Structure formats: C-alpha cells, structure tokens
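A.B. asks: Sequence and predicted structure, then a few things I'm wondering about:
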Amino acid sequence: MSTNTSKISFQNTEIAYAHFSNHGLKKAAGVYQLLGNNFLVNLGTVLTKVALAIHFPIRPFVKPLIFKQFCGGESLKECLPSIHLLEQKRVDVNLNYGVEIKKSERDFDKSFCKNKGALEFAGRKRNVKVVSCKLSGLGNFDLLEKKQNAQSLSSKEEAAFERMRKRMDDLCAIAKEQDVAIYWDAEESWVQTEIDRLVDEFMQKYNTEKAIVFNTFQLYRIDKLQYLKDSIELAKEKNYFLGAKLVRGAYIEKENQWAEEHEEVSVLHSKKKDVDQDYNAALALCLDNIDRVSFCVASHNEESNLWTANEMLNRGIAANHPHVSFSQLYGMGDFISFNLSEAGFNVVKYMPFGPIEEVIPYLIRRAQENSSVDGQTSRELSMLKKEIQRRKL
Ligand SMILES: Cc1cc2nc3c(=O)[nH]c(=O)nc-3n(C[C@H](O)[C@H](O)[C@H](O)COP(=O)(O)OP(=O)(O)OC[C@H]3O[C@@H](n4cnc5c(N)ncnc54)[C@H](O)[C@@H]3O)c2cc1C
C-alpha cells in the first residue's frame with residue numbers, strides 16, 4: 001500500500017468541531033477527560049450494573065453525560081436535532097436501534113418493529129442513508145450457534161429460526177422499498193458463519209440493481225480477507241452487488257476467552273500489525289472492484305481513512321463516488337468525519353438510539369474502548385483541547 005497521505009488532513013479542528021457550541025465543546029472534552037481515567041471507568045461500569053440490577057434510577061447521571069455524547073436519543077424523534085445538525089455539515093446518518101442480545105419472541109418482535117420504523121423514518125429523511133441491525137436482536141443467539149455447528153434443531157427451534165430468518169428477510173425487503181441501505185453487524189465467530197450465510201442469501205435476493213444489503217467483514221480475523229475475496233467472486237458469478245462494511249473487530253477479549261475455554265486456536269490475528277495489513281489490503285481489494293462492490297470504511301484509524309481517501313483521488317475515483325463511504329461512531333472521530341465530508345467524501349455517522357437502560361451495554365463498550373484503546377482517547381482529547389485553545393475559551 002502506498003503512503004501518499006499529503007492531500008487530505010484531519011488536523012483542522014475548526015472544521016472538525018464547527019457543530020459544537022463553546023459549551024458543547026467543553027462538555028465533550030470533559031467526557032473524554034473522564035473516560036481517560038481507567039479507575040473511574042471501571043468504577044462507573046460496576047456502579048451502573050449494580051444500579052440497573054436494583055432498579056436504581058441511572059437516567060439523571062447517564063443521560064446528560066455519556067448517553068448524549070454517544071447516542072442520538074431515546075427515540076427517533078429525539079434524534080432529529082442531531083440528524084439535522086449533521087445534515088448541515090453534509091454528513092449522513094446510520095441509525096441503529098441499540099438494543100443487544102435478547103431472549104424472548106416478544107423482544108424480537110419489538111426489535112423488528114423498531115428497525116422497521118427506523119427504515120421507514122430513513123426513507124423520509126434525506127441524510128439518513130443506512131440502518132444497522134444485529135441479527136442477535138431479532139432471534140435467539142443459541143439457535144445461530146446450533147445452526148453453525150450443524151446441530152439438529154427440534155421442530156420448535158426450527159420454527160423459531162424460521163421466524164428470525166423471516167424478520168431478516170422482511171427488513172431487507174423494506175430497506176429496498178425505502179431505498180435505504182441495511183448493514184448487518186458482525187458478531188462473535190461462533191455465530192458469524194451462520195450470519196454470513198444468511199446475509200449472502202439476502203444480498204443475492206436484494207442487491208440486483210445496487211447494494212442495499214451489506215455484510216460486515218472483521219479483518220482482525222485470520223480468514224476474513226480471503227472471505228472478502230470469495231464474496232466478491234460470488235457476487236460476480238451470481239451477478240449481484242456486494243455490500244461490504246469493513247471493520248477491524250470488536251470482540252477480542254471474548255474471542256480469546258472462548259478459544260481458550262474450547263481449547264481451540266483463536267480465529268484472530270495475534271498482532272495488531274497483521275490486522276492493519278489485512279484491513280488495508282481489504283480496502284485496496286474493494287477499490288480494485290469498485291464497479292461490483294459498495295463498501296464502507298468503518299474505522300477510527302486515521303491511516304486507513306487517509307489512505308482510502310488519497311488512493312481514491314490517485315485512482316481518479318470521485319470523492320463522492322456512491323460506492324464508497326466512511327463511517328465513524330456518533331461522538332467519536334469527529335476530526336476524521338468532518339474533515340472528510342468537508343473534502344467532499346461520503347461520511348455516515350453511526351447513531352445508536354433507544355431507551356437508556358437498553359443501550360447501557362453499548363455505552364459501557366464505548367467507555368471501556370475509550371479508556372483502553374491505545375491513544376484513542378488522548379487523540380480525541382488533544383483535538384478537542386486544540387479547538388478549545390483556538391477558540392480562546
Ligand atoms: C461505524 C462502525 C461500525 C462498526 N461495526 C462493527 C461491527 O458490526 N462488528 C464489530 O465487530 N465491530 C464493529 N465496529 C468496531 C470495530 O470493529 C473496531 O473495534 C473499532 O472501530 C476499532 O478499530 P479501528 O479500525 O477504529 O481502529 P484501531 O484503533 O486502529 O484498531 C483497534 C482494533 O484493532 C484490533 N486489534 C488491536 N490489537 C489486536 C490484537 N492484538 N489482535 C487482534 N486484533 C487487534 C481490534 O479489532 C481493535 O478493536 C464498528 C466500528 C465503527 C466505527
């Protein structure tokens with residue numbers, strides 16, 4: 001991969017934080033300052049879990065601070081001001097009903113309705129271009145695992161699996177009807193092969209004119225670069241468009257623990273440099289096949305974002321080519337998102353919404369990620385501080 005990174009820069013904090021009032025800017029810096037403190041994050045995580053267990057009201061503490069930083073709102077209506085603010089900055093939105101693993105059919109139906117509502121809402125909003133879904137929110141996680149292991153299911157389980165498949169099929173159909181992309185999140189490796197199989201099925205069904213259904217490729221896995229190559233070949237052979245969201249992967253600790261418990265070799269790369277190498281090779285592969293692949297650079301890694309943007313320009317691919325988008329989480333990596341959108345690239349902010357109590361696992365992951373990923377918090381904080389200084393606050 002060439003390292004021509006001279007044309008685009010993420011250093012302009014005036015562009016990066018133009019959406020923040022002075023108060024908002026200082027508040028965001030305060031949140032990142034808190035997140036940088038490992039002890040406070042661990043203590044906060046424990047206290048939040050205890051408070052939830054004993055039904056102690058956490059809303060007054062969580063909502064103004066961490067929830068507002070990382071989520072659009074508790075409902076779609078509450079997300080509107082943030083969606084409009086992003087629209088003014090030519091940034092699109094990827095809505096995600098942030099409720100995670102559920103167990104009952106009632107919860108699965110509720111998740112289905114929320115995702116359907118998000119797709120219909122997106123169909124009416126100019127800059128809401130994507131809805132992200134987790135299959136484990138629409139059906140029983142254990143059934144996915146059993147299917148993946150080719151274990152036989154009882155007739156009751158088969159019926160439950162079929163209901164999950166139907167919810168997925170219906171959501172993809174609504175996405176196509178509304179002309180909104182639907183991204184299926186990648187999950188743990190012990191269910192991901194089954195998720196891949198289902199997403200492939202619906203890509204073949206719905207991506208005949210353009211990519212509506214997207215799968216997620218976790219390049220921290222040893223086998224996923226090859227899987228991306230195979231998926232591109234399959235799309236060519238069966239004549240459909242491949243939708244590919246490229247991520248490094250979110251479940252390192254869980255994956256390593258699972259491998260240890262099952263006495264299996266981990267499916268993950270052991271060194272970060274190998275993950276980066278595969279991730280960047282995946283970017284190049286998607287650019288090589290841009291006529292057949294629509295892809296999303298879902299990353300806060302500055303080098304990967306910068307390389308893709310510059311490589312597009314080097315290859316004469318328009319910055320706003322409809323097959324390429326860049327995505328960072330709402331409340332994170334604004335210096336990447338807003339500098340890219342200012343330079344004319346397609347940027348989509350991943351915006352979770354949902355009741356506070358339900359999005360707690362997502363918020364805990366954000367808090368822990370920001371207190372543990374090397375350099376991530378300090379990078380965010382130093383950029384926020386640079387802007388505070390520039391504004392002479
Ligand atoms: C818009 C968006 C959507 C996302 N959707 C998903 C999703 O559907 N599924 C999902 O799993 N994740 C998802 N993620 C999270 C993503 O996988 C990463 O965890 C996160 O973005 C950090 O990676 P990075 O590329 O931003 O940056 P970096 O900071 O460069 O990379 C950190 C990542 O590198 C990898 N890594 C670091 N050290 C090691 C090591 N020793 N061994 C193996 N791997 C290592 C890990 O994946 C770690 O998260 C999403 C992220 C974004 C921004």
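C.D. replies: Happy to help now that I have it. If you're wondering where the values come from, they're calculated on a predicted model, not measured in any experiment.
A.B. asks: Output the set of residues of the chain in proximity to the ligand.
C.D. replies: 185-186, 216, 218, 220, 247-252, 268-272, 275, 298-301, 327-329, 350, 373, 376 (CB under 6 Å from any ligand atom). Where C-beta positions appear, they are placed from N, C-alpha and C, glycine not excepted.
A.B. asks: Those, buried ones only, as a PyMOL selection?
C.D. replies: Buried subset of the residues of the chain next to the ligand, written as a PyMOL selection, criterion 16 or more other CB atoms under 10 Å:
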select buried, resi 185+186+216+218+220+247+248+249+250+251+268+269+275+298+299+300+301+327+328+329+350+376
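A.B. asks: which ones among the residues of the chain next to the ligand are found in strands?
C.D. replies: Among the residues of the chain next to the ligand, DSSP state E puts Thr216, Gln218, Val247, Ala298, Ser327, Gln328, Leu329, Tyr350 in strands.
A.B. asks: Report the mean confidence score over the helix or strand hosting Met312.
C.D. replies: Assigned by DSSP states H and E, Met312 falls within helix 302-314. Mean pLDDT, helix 302-314: 97.
A.B. asks: elements contacting it?
C.D. replies: helix 272-288, strand 293-298, strand 324-329, helix 334-342 (3 or more CB pairs under 8 Å, 6 or more residues apart in numbering; DSSP states H and E).
A.B. asks: which pair in the ones in strands among the residues of the chain next to the ligand spans the largest distance?
C.D. replies: Considering CB to CB, no two members of these lie farther apart than Gln218 and Gln328, which are separated by 17.0 Å.
A.B. asks: can you tell me which helix in this protein is longest?
C.D. replies: With secondary structure taken from DSSP state H, the chain has its longest helix at helix 155-178.
A.B. asks: for that helix, which positions count as buried?
C.D. replies: Along helix 155-178, these residues count as buried under the neighbour rule (16+ other CB under 10 Å): 157, 160-161, 163-165, 167-168, 171-176, 178.
A.B. asks: which of the residues you listed sit farthest apart?
C.D. replies: Among these, the pair separated by the greatest distance (CB to CB) is Glu157 and Gln178, at 31.9 Å.
A.B. asks: Let me know the pLDDT of Leu43.
C.D. replies: Note on Leu43: pLDDT of 78.
A.B. asks: who's in contact with it?
C.D. replies: Under the criterion of CB atoms under 8 Å, 6 or more residues apart in numbering, Leu43 has no contact partners.
A.B. asks: Confirm that it sits in a helix.
C.D. replies: Yes. Counting by DSSP: H, G, I helix; E, B strand; the rest coil, Leu43 is located in a helix.
A.B. asks: got the angle for the helix holding Met312 vs helix 272-288?
C.D. replies: Interaxial angle, helix 302-314 versus helix 272-288 (axes from the mean of the first three to the mean of the last three CA atoms, to 10 degrees): 20 degrees.
A.B. asks: surely Asn305 meets Ser299?
C.D. replies: Yes. Contact status for Asn305 versus Ser299: in contact at 6.3 Å, counting by CB atoms under 8 Å.
A.B. asks: Residues contacting stretch 16-30, please?
C.D. replies: Outside stretch 16-30, the residues that touch it by CB under 8 Å, 6+ apart are 10, 69, 85-86, 88-89, 331, 334-335, 337-339, 381, 383-385, 387-388, 391, 393.
A.B. asks: So which of those residues sit within helices?
C.D. replies: Counting by DSSP H, the contacts of stretch 16-30 place 69, 85-86, 88, 334-335, 337-339, 381, 383-385, 387-388 in helices.
A.B. asks: can you give me the helices in the stretch 51-200 of the chain?
C.D. replies: 59-62, 68-70, 76-88, 105-124, 141-148, 155-178, 189-206 (DSSP state H, counting those that start in this stretch).
A.B. asks: got the contact list for the residue lying closest to Tyr279 once chain neighbours are set aside?
C.D. replies: Using CB to CB, 6 or more residues apart in numbering and skipping the chain neighbours, the partner closest in space to Tyr279 is Leu219 (4.2 Å). Neighbouring residues of Leu219 by CB under 8 Å, 6+ apart: Leu225, Leu246, Val247, Arg248, Gly249, Val275, Asp278, Tyr279, Ala282.
A.B. asks: Tell me where the model's unsure across the protein.
C.D. replies: The chain contains residues with pLDDT under 70 at 1-6, 101, 370-376.
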